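Asker: Have a look; sequence and predicted model below, questions after that.
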Amino acid sequence: MSTSQGRESRAPALEIRDLSKSFGSVRALQDVTVVVESGTVHCVLGENGAGKSTLCHLVGGSLAPDAGTLRLYGQPYAPRRPADALGAGIAMVHQHFSLVPTLTVGENLRLLRLPGLGRRLDRVADEYGLVLDPGARVAELPVGLRQRVEIVKALLREPRLLLLDEPTGVLDPAGTEALLATCRRIADRGGAVVLITHKLGEVGRAGDAATVLRGGRVVGGGPLADLPPEKLVPLMIGRTADSLDPALSSTTGLAGPATPATAAASATPQGPPALRIDGLTVRGADGVPALDDVRLEVEPGQIVGIAGVEGNGQSELMAVLGGSRAPGSGSLTLGAADITRATPRRRTAAGLGVVPEDRHHDGCVPDLSVTDNLFLGKLGRFRRGGLFLDRPAMRRAAQDVLSAHDIRADGPDTPMSTLSGGNQQKVVLARELALDPLVCLAAAQPTRGLDVGAVAAVHTRIREAAARGAGVLVVSSELDELLALCDRVVVAYRGRLSAPVATSAPAARERIGHLMLGAEAAAPPTAADLVTPEPVPTKPVPKEAVPKGAVPKGPVPAPAAHTTPGTPPHNPATTPPLP
Ligand SMILES: Nc1ncnc2c1ncn2[C@@H]1O[C@H](COP(=O)(O)OP(=O)(O)OP(=O)(O)O)[C@@H](O)[C@H]1O
């Protein structure tokens, strides 16, 4: 090692000094100082809109600071564009995907124009266990696998500093553990990782130090040994962990297992189900069924969860529910209305609220204002004298929603694209929860990217919607969240849904974990299953085999042509080799 390299290695990986950045009247960051030592994983925490992503963009060269300086391994560093950051050995994984959906994974990776791509991919697979299917079309991948592609893209560059902006929001527990292990490995080899996350459990497992931002300022930080969750939460959200919903404790990583949801809909339901999915079948591009004779009923007032390792049909089910994908066969009934062939607009009018997996692409129009995003499908309410819209009334109504849902935006005219990721998520949820009538809400990862305080608020709102008589279907990769929120959970496995498991049943977690491994053939539930879950005649998995919130490890049944455990089969014969 040369003398200058020796000096470099003693210097912090990244020194951010007195950085400030405003967007018009919004002060996103003010005099922020963060020092990231080499060989560490440094967590950046803070509520939605605190300035975390802005900080990443400034380090990654996609934004320029108004004031302040940066040093990288002891050297002055002033990136003017993302290419400067890449050239300096910094790689970033942003909150929003930067993949071309119509291309395959391999084609997306070739766009990086890195020499020896095949060798680099092998190294990332060997060192970090992150395997990709180069022939898979990105548009057909579930968001968790898209996120994996983004992470591999960053690692292919062999960065010495890796910035990850909420990378685990869309990962299932196994994917999260793999990523945290990757972070540790990078740090242990002398690199450094800046990890933005809302999940305190992850902070405890992977982090060495943390900085907490609130309102664009640093409000605390230091080695994590001195910052237990009880100290971090008040710093992050300005109130104590005790004030949060206790059912959230394990979702947020604050404490032990979540309390099961109270069965809100234990009474015998009257009238038709809020949502009935009957014999739904969808084939993937390779002809393999992505959804195979799926049947499910969600009663009014009931919260039903869909658990499962990502890639077992959940994305296709959400796409069919939202109306962006037509089923090959089967039917969807909302209350008394057949909506199988209904347009998304008609579904909304009939009372189906949908929070899609990828809220940024499918849930909102980023270039339109918050007001327009809230009321786009409901303009009739604001029409005056035929064609004219009462814009002031729309703005007032939007302001009420912003206040009620604690959405941090610079007013109702703000373009959606300038809201922080968590606040965008809150807008989409608020819009769907406000449907009138709301017969059923189908929400994929409803709390993804939300801070611990906002997660509590969203769970309360979902329970309130159910209490008012709506059926709720929640797709989540977080078992803790499903156990905290739902009355019943079904498991998606290779395109089929299991019989429901009541979350109040003894050993519900273990049974669900078992089903996630396909340990019980996921036969379509009978009508009796849907009302009273039958005990499943299998030996429960021992408790220690199913870690909290994690996909249990164990003998997985012989996979079909899989490249990723738990993902739907992909035909390797169609997979083109990489260079
Ligand atoms: N391009 C932009 N134009 C205007 N305002 C912006 C822009 N980008 C960010 N902001 C504002 O800056 C503030 C900080 O946003 P940022 O995305 O950094 O927050 P965050 O901490 O990453 O939040 P989250 O946890 O929700 O992702 C927010 O008020 C946001 O609306």
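Answerer: Right, received. Where do you want to start? Numbering: from 1, shown residues only.
Asker: Can you name the next helix or strand after the helix or strand that Arg123 is a member of?
Answerer: Assigned by DSSP states H and E, Arg123 falls within helix 117-128. Going down the chain from helix 117-128, the next helix or strand is helix 143-156, by DSSP H and E.
Asker: quick one: average confidence on that following helix?
Answerer: For helix 143-156, mean pLDDT is 90.
Asker: Neighbouring strands - and their directions - for the helix or strand just after that helix?
Answerer: Next in sequence after helix 143-156, counting helices and strands by DSSP H and E, comes strand 161-165. Counting by DSSP bridges, the strands paired with strand 161-165 are strand 90-93 (parallel), strand 192-196 (parallel).
Asker: any idea which of the ones you listed is most buried?
Answerer: strand 192-196 (a mean of 26; mean count of other CB atoms under 10 Å). For glycine as for every other residue, the C-beta is placed from the backbone atoms N, C-alpha and C.
Asker: Beyond it, next helix or strand please.
Answerer: Per DSSP H and E, the first helix or strand lying C-terminal to strand 192-196 is helix 200-206.
Asker: sorry, back to before: can you check which of the strands paired with strand 161-165 gets nearest to Asp18?
Answerer: strand 192-196 (17.8 Å; CB to CB).
Asker: ok so, going back, what is the helix holding Arg123 packed up against?
Answerer: Here helix 117-128 touches helix 105-110, helix 143-156, helix 173-188, going by 3 or more CB pairs under 8 Å, 6 or more residues apart in numbering; DSSP states H and E.
Asker: So what angle separates the directions of it and helix 173-188?
Answerer: Using axes from the mean of the first three to the mean of the last three CA atoms, to 10 degrees, one finds that helix 117-128 and helix 173-188 are set 100 degrees apart in direction.
Asker: And helix 117-128, how far out from the chain middle?
Answerer: Distance of helix 117-128 from the chain centroid (CA atoms, centre = their mean, to the nearest Å) equals 26 Å.
Asker: Deepest-packed of the helices and strands packed on helix 117-128, please.
Answerer: Mean neighbours per residue, mean count of other CB under 10 Å, is largest over the helices and strands packed on helix 117-128 for helix 143-156, with a mean of 22.
Asker: mind checking which of the strands paired with strand 161-165 is nearest Val401?
Answerer: Nearest to Val401 among the strands paired with strand 161-165 is strand 192-196 (26.5 Å), distances taken as CB to CB.
Asker: Does the ligand have contacts with the closest one?
Answerer: No. If you take CB under 6 Å from any ligand atom as the test, strand 192-196 misses the ligand, and the best it gets is 7.0 Å.
Asker: Now that strand - C-alpha only, PDB.
Answerer: Taking C-alpha atoms only, strand 192-196 is exported to PDB below (Å, rounded to 0.1, in the frame of the first residue of the first chain):
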ATOM      1  CA  ALA A 192     -18.300   1.700   4.100                       C
ATOM      2  CA  VAL A 193     -22.000   1.600   3.800                       C
ATOM      3  CA  VAL A 194     -24.600   4.300   4.400                       C
ATOM      4  CA  LEU A 195     -27.900   2.600   5.100                       C
ATOM      5  CA  ILE A 196     -31.100   4.500   5.200                       C
END
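Asker: Need the contact partners of it.
Answerer: Residues from elsewhere that reach strand 192-196 (CB atoms under 8 Å, 6 or more residues apart in numbering): 13-14, 36-45, 52-53, 56, 59, 160-167, 183, 186-187, 202-203, 206-207.
Asker: okay, and the helix or strand of the chain with the least pLDDT?
Answerer: helix 527-531 (a mean of 40; mean pLDDT, DSSP states H and E).
Asker: Could you verify that Ser20 is part of a strand?
Answerer: Yes. According to DSSP: H, G, I helix; E, B strand; the rest coil, Ser20 belongs to a strand.
Asker: Tell me which residues touch the closest residue in space to it that isn't next to it in sequence, please.
Answerer: Excluding the flanking residues, the one nearest Ser20 by CB to CB, 6 or more residues apart in numbering is Ala67, at 4.4 Å. Contact analysis of Ala67 by CB under 8 Å, 6+ apart lists Asp18, Leu19, Ser20.
Asker: ditto for Gly61
Answerer: Taking CB under 8 Å, 6+ apart, we find Gly61 in contact with Pro79, Arg80, Arg81, Pro82, Ala83, Asp84, Ala85.
Asker: Contacts made by the helix or strand containing His57 with the rest, please.
Answerer: Using DSSP H and E, His57 sits within helix 52-59. Defining contact as CB under 8 Å, 6+ apart, one finds that helix 52-59 is touched by 14, 16, 19, 21, 28-29, 32, 34, 44-46, 63-65, 70, 79, 85, 90, 92, 94-95, 163, 165, 194, 196, 213, 216, 420-421.
Asker: Narrow those to just the buried residues.
Answerer: 14, 16, 19, 21, 28-29, 32, 34, 44-46, 63, 65, 70, 79, 85, 90, 92, 94-95, 163, 165, 194, 196, 213, 216, 420-421 (16 or more other CB atoms under 10 Å).
Asker: Quick check: residues of the chain near the ligand?
Answerer: 23, 26, 28, 46, 48-54, 408, 418-423, 449.
Asker: Closest one to Ser324 out of the contacts of Ala67, please.
Answerer: Looking across those and measuring by CB to CB, the closest to Ser324 is Leu19, at 40.4 Å.
Asker: Any stretches of this structure with poor pLDDT?
Answerer: The model of the chain has pLDDT under 70 over residues 1-9, 239-270, 359-360, 519-579.
Asker: 80 - rerun?
Answerer: 1-10, 95-96, 169-175, 238-270, 284-287, 310, 358-363, 377-381, 385-387, 518-579 (pLDDT under 80).
Asker: what's the domain layout of it?
Answerer: 3-243, 251-351+435-530 (automatic domain parsing).
Asker: Tell me which of these is the most buried.
Answerer: By mean count of other CB under 10 Å, the domains of the chain have domain 251-351+435-530 as the most buried, with a mean of 21.
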